[in-house]
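Student: Here you go, sequence then predicted model.
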There are 2 protein chains.
Amino acid sequence: MKSYDYLLSYNIKPSVQRIAIMDYLLAHKTHPSIDEIYLALCKDIPTLSKTTVYNTLKLFVEHGAALMLTIDEKNACFDGETSLHAHFLCRKCGKIFDLPYTNEVRQVNQIDMNGFKVDEIHQYYKGMCPVCAKED
Amino acid sequence: MKSYDYLLSYNIKPSVQRIAIMDYLLAHKTHPSIDEIYLALCKDIPTLSKTTVYNTLKLFVEHGAALMLTIDEKNACFDGETSLHAHFLCRKCGKIFDLPYTNEVRQVNQIDMNGFKVDEIHQYYKGMCPVCAKED
DNA sequence: TTCCCTTTTTGTAACTATTACAATTTTATT
DNA sequence: AATAAAATTGTAATAGTTACAAAAAGGGAA
């Protein structure tokens, strides 16, 4: 019941669908898209609607329980790991990797940069991952 | 004829449409979307097709003459300023602002991070801009 | 339990952004 | 002027996302 308590800690009322989606996010650190999550969970919850996946992830993001990544212009991707870290998109295999965060700006909560109130930071890198680079 | 030579310097063959689009990008540092560019240029080039705007910006990005921003999940935005800088999206007014780049990682060209070959870096902030923050 | 109210989920349809593609137009070359 | 190559255009298709109303599920109070 890990996801159950995790959701509660973010003030999200647990439900079968919400727990399943959070379970998936916490178990699969591959930054899955809506479609991936939907297709994977359909097997267990045959009545699952894609709209629910959309609604639920939107809810998670609003409550800070997940991050939405826009590093891949094709699909929004989601990350259950909400601590400060960077992302790398491999142009060849399309996978998204976690990388250490190297920015001077580190505090996400309402820090003040010349009057700009920042509440969310993203650090995106694109290029080729070690495996794909070796294949070249 | 600034855009003309600018395009040539990126090995892009100039055309009426390409020059108009690059002119717009260089004159409007507001990170416009495809639609904004299309609607703005339609007045001058009534035959302009939205497909051309898509094709042209894709070409610009491939040649390094422009950047595609994915900070706003709704629309891709484009930036004629290709030097290293960060972007800030205001959640209230939706505008995108330039901010100084503060990352330790500074070299875009094929630097090597633990085997990850990076060729593009994005630093995105979200929150509220000074003007909108004052209105609250 | 049953009734009633609220929340969540679902499915369809609508909408929007983007891409594919073939036809047309323009440009460059001989 | 004729031809080939490149660029542009318009339409149609695709894909991702959202709106919305109906159905289902959950949660007290009588």
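Tutor: Cool, the structure landed.
Student: the longest strand in chain A is where?
Tutor: strand A:116-128 (DSSP state E).
Student: Report the separation between residue A:45 and residue B:27.
Tutor: 52 Å (Cβ to Cβ, to the nearest Å). Every residue, glycine included, has its C-beta placed from N, CA and C.
Student: now residue A:70
Tutor: For residue A:70, the distance to residue B:27 under the criterion Cβ to Cβ works out to 26 Å.
Student: ok, these two, which is more surrounded?
Tutor: Under the neighbour definition other Cβ atoms under 10 Å in any protein chain shown, residue A:70 and residue B:27 were set side by side, and residue A:70 has more, 19 against 12.
Student: so what's the nearest residue to the more buried one once chain neighbours are set aside up against?
Tutor: Of all residues not flanking residue A:70 in the chain, residue B:70 sits nearest, at 4.3 Å (Cβ to Cβ, 6 or more residues apart in numbering or on different chains). By Cβ atoms under 8 Å, 6 or more residues apart in numbering or on different chains, the residues touching residue B:70 are A:70-73, B:76, B:122.
Student: what do you get if the cut-off is 10 Å, keeping everything else the same?
Tutor: Residue B:70 is in contact with A:69-74, A:76, A:122, A:124, B:76-77, B:122, B:124, counting by Cβ atoms under 10 Å, 6 or more residues apart in numbering or on different chains.
Student: Buried subset of these as a ChimeraX selection?
Tutor: Paste this into ChimeraX to select the buried members of these, with burial taken from 16 or more other Cβ atoms under 10 Å in any protein chain shown:
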select /A:69,70,71,72,76,122,124 /B:76,77,122,124
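Student: if we can go back for a sec, mind listing what's buried in the longest strand of chain A?
Tutor: Within strand A:116-128, the residues that qualify as buried by neighbour count (16+ other Cβ under 10 Å) are A:116-118, A:120-128.
Student: Run the chain-centre distance for stretch A:106-124.
Tutor: From the chain centre to the centre of stretch A:106-124 is a distance of 19 Å (Cα atoms, centre = their mean, to the nearest Å).
Student: what does stretch A:21-40 give?
Tutor: Its chain's C-alpha centre lies 9 Å from the corresponding centre of stretch A:21-40 when counted by Cα atoms, centre = their mean.
Student: can it be found next to chain B?
Tutor: No - for a cut-off given as Cβ under 10 Å from any Cβ of the partner chain, stretch A:21-40 has no contacts with chain B; the smallest distance is 12.1 Å.
Student: any idea of the mean pLDDT in that stretch?
Tutor: Along stretch A:21-40, the predicted local confidence has a mean pLDDT of 98.
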